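[1] Take a look and give me a structure for this.
(one chain, ligands or ions: 3)
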Amino acid sequence: MNTYHNSEKKINYMMGIDFFSVSIYNKYLELINYMKFILDKKYIIRGWKNSLYVLINLESGESRHISPLEFQAISFCDGNTDIDDIFILEPHKVIIRNFLKDDIIHISSDEKINKNQKYFSYDCSYIKQIHWSITRNCNCNCRHCYLSSPDKKYRDMPLDKCFEIIRQIAECGIQKISLTGGEALIRPDFWQIVDFILENKIKLSRIYTNGMAINESLIYNLKLRNIKPEFSISFDGIGFHDWLRGIKGAEISAVNAFKILNKNGFSTFSEMCLYKDNAHTIFDTVNFLTNLGVSGLKINVVSNTGSWMNNKKNHEISTKKAYDAFLRYIPEFFGLGSPMNLQMAGVFACFKGSRNFFVPAVKCTDDYKASVCEHAKEVLYLSSEGEVLPCVSIDLAKTNIKKTFITKSNTLKNILNKSYYLSIINLKIKELLKKNKTCANCKYCSLCGGGCRANAVLSGGNYFGIDLQMCEFFKGGYFEKIKEIAKIGSATVA
Ligand code: SF4
Ligand code: SF4
Ligand code: SF4
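    Ligands and ions are numbered 1, 2, ... in the order given. Okay, the predicted model is just below:
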């Protein structure tokens, strides 16, 4: 506390009033306290080599990059510093007021900031989240599976190696892990992995599952640990889920899983793989899932890879036909008041209840300084073999990208300091265009930026190649068509 300033405040405030009056004295104390603020307990501040100041909400797992000025301002919110101090400038005070409005800080009543909340910097690059496939084993038999291969030699990574990886993740300051498979929930040591994640103070943010292993015992185990990860459950269209999943009763299992989770207050969303036979079910599927309490749906065309190569005959849908199905559905979606969060193949995204939609495929290219994929830059995909990749979909096909594995000697920290992996996630669009003349010379490049890297790999096995889905979208006039169609539902592109 700055005594001089508080005395001055006292004098100004007390003008003409008996200082020793108890009520006024209390008011005076309150006034002093109003000058001190403290970072809310759910927030911590961390830094990395390439992201100097990041404010992290431990409850939601959300991160916010803050400027050096914001960092200075938040440093004054330690419960003890009087922000009326002459050294605290007006711009800091403006920021402090905004943080107060956002509930990031609150008025301090002689509290002290926790040691864990204080700024700490990690000696590597920033990664927000690990998306980890902990097994390739699965209890489904999907006709489009890209992972659960009949490789008899496959063995899950032993538990001690999983622990080592979790330690390395913690050492890099990564705050969130989402688990996937195969089917993550059938790993016999699943709870030991979860417990070690929690012991290392990492948030288990989401579990990707086919839903077949979701039951009351799972809910009991989650409640026992006081955790509430979100669940993403595959659902491939009413009446068509079993066929694609290769298991009779898979659809009922998925529906029951949604019911159990939603009844117990877990947030759920879904992913639908689009193929020829289920393309007409989008309307009914969205309504059905909405009624089940599912918060959002992501629809993607089945990828031309893995088992699908043998099963797709007479069932695959062309990109063009998929876009046509989306175009037919968009007015209906807005007609129902945007019943859930919806994303369709990177060409349409809208939040529940909104009339503004956006086209994720249109990148903010900013003179092509943006990265080729902002998602891959922050979320690292870790395969069941310990390979690090820009995203799960890039594991699908043979690529021209070099393999990088986490080992005891090549730790995650090393990888996040210098590696081929790091160079490809940080690749800027303008660097991509030097390697890809077709995109560089394309008239849609300022919108498309070369498209998605996973699709580029699927389009021709080249990480730096063109994305045929985006070529169809832009060159086939679908970008314009989606904007026009949305107008029918009085929606606007945000
Ligand atoms: S649920 Fe996933 S991992 Fe399992 S068989 Fe289906 S696609 Fe493969
Ligand atoms: S539309 Fe095709 S060629 Fe043009 S920038 Fe996009 S991916 Fe490249
Ligand atoms: S590379 Fe493509 S599929 Fe992978 S995260 Fe980026 S946009 Fe998504």
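
[2] for the longest helix along the chain, packing partners?
    Looking across the chain with DSSP state H, the single longest helix is helix 319-335. Under the contact criterion of 3 or more Cβ pairs under 8 Å, 6 or more residues apart in numbering; DSSP states H and E, helix 319-335 touches helix 282-292, strand 296-301, strand 341-344, strand 348-350, helix 468-475, helix 478-488. C-beta: built from backbone N, CA, C; applies to glycine.

[3] Give me the residues contacting the shortest one.
    Applying Cβ atoms under 8 Å, 6 or more residues apart in numbering, the set of residues contacting strand 348-350 from outside is 326, 330, 333, 338, 341-343, 356-360, 482, 491.

[4] redo that, cut-off 7 Å
    When contacts are defined by Cβ atoms under 7 Å, 6 or more residues apart in numbering, strand 348-350 is touched by residues Phe326, Ile330, Ser338, Leu342, Gln343, Phe357, Phe358, Val359, Pro360, Ile482.

[5] residues of whatever helix or strand comes next after that strand that come out buried?
    Counting by DSSP states H and E, the element after strand 348-350 in chain order, helix or strand, is strand 356-358. Neighbour-count burial for strand 356-358, counted by 16 or more other Cβ atoms under 10 Å, picks out Phe357.

[6] which SS state does the closest residue to ligand 2 within the stretch 1-150 of the chain fall under?
    Ligand 2 sits closest to Tyr146 of the stretch 1-150 of the chain, with a gap of 22.2 Å, by Cβ to the nearest ligand atom. For Tyr146, the assignment made with DSSP: H, G, I helix; E, B strand; the rest coil gives coil.

[7] Equivalent analysis for Ile227, please.
    Following three-state DSSP, Ile227 is assigned to coil.

[8] Do I have it right that it meets Leu204?
    Yes: using Cβ atoms under 7 Å, Ile227 makes contact with Leu204 at a distance of 5.8 Å.

[9] Who has more neighbours out of those two?
    Neighbours per residue (other Cβ atoms under 10 Å) separate Ile227 from Leu204, with Leu204 holding more: 20 against 15.

[10] and Arg206, how far is that from Met340?
    Distance check for Arg206 against Met340: by Cβ to Cβ, to the nearest Å, it reads 17 Å.

[11] Then Met272?
    12 Å.

[12] For Leu147, give me its contacts.
    Counting by Cβ under 7 Å, 6+ apart, Leu147 touches Arg136, Gly182.

[13] State the pLDDT value of it.
    We have a pLDDT of 76 for Leu147.

[14] follow-up on the earlier one: so what sits against both of Met272 and Met340?
    Leu297.

[15] Could you grab the helix/strand/coil label for the closest residue to ligand 3 within the stretch 1-150 of the chain?
    Residue nearest to ligand 3 within the stretch 1-150 of the chain (Cβ to the nearest ligand atom): His131, separated by 9.5 Å. Classification of His131 using three-state DSSP returns strand.

[16] Looking at it now. What's its pLDDT?
    Looking at His131, its pLDDT is 98.

[17] Quick check: bridge partners of it?
    Note on His131: beta-bridge partners by DSSP bridges are Ser178, Tyr381.

[18] Distance check, it against Leu204.
    Counting by Cβ to Cβ, the gap from His131 to Leu204 is 12 Å.

[19] With Lys320 instead?
    Shown here: Lys320 relative to Leu204, a distance of 40 Å by Cβ to Cβ.

[20] returning to that earlier point: show me which of the contacts of strand 348-350 is closest to Asn98.
    Nearest to Asn98 among the contacts of strand 348-350 is Phe358, at 25.4 Å by Cβ to Cβ.

[21] Kindly state the beta-bridge partners for that closest one.
    Under the criterion used (DSSP bridges), Phe358 bridges to Ala349.

[22] I figured it hits Ala486, correct?
    No: Phe358 is beyond contact range of Ala486, at 10.4 Å (criterion: Cβ under 7 Å).

[23] All good on my end, thank you.
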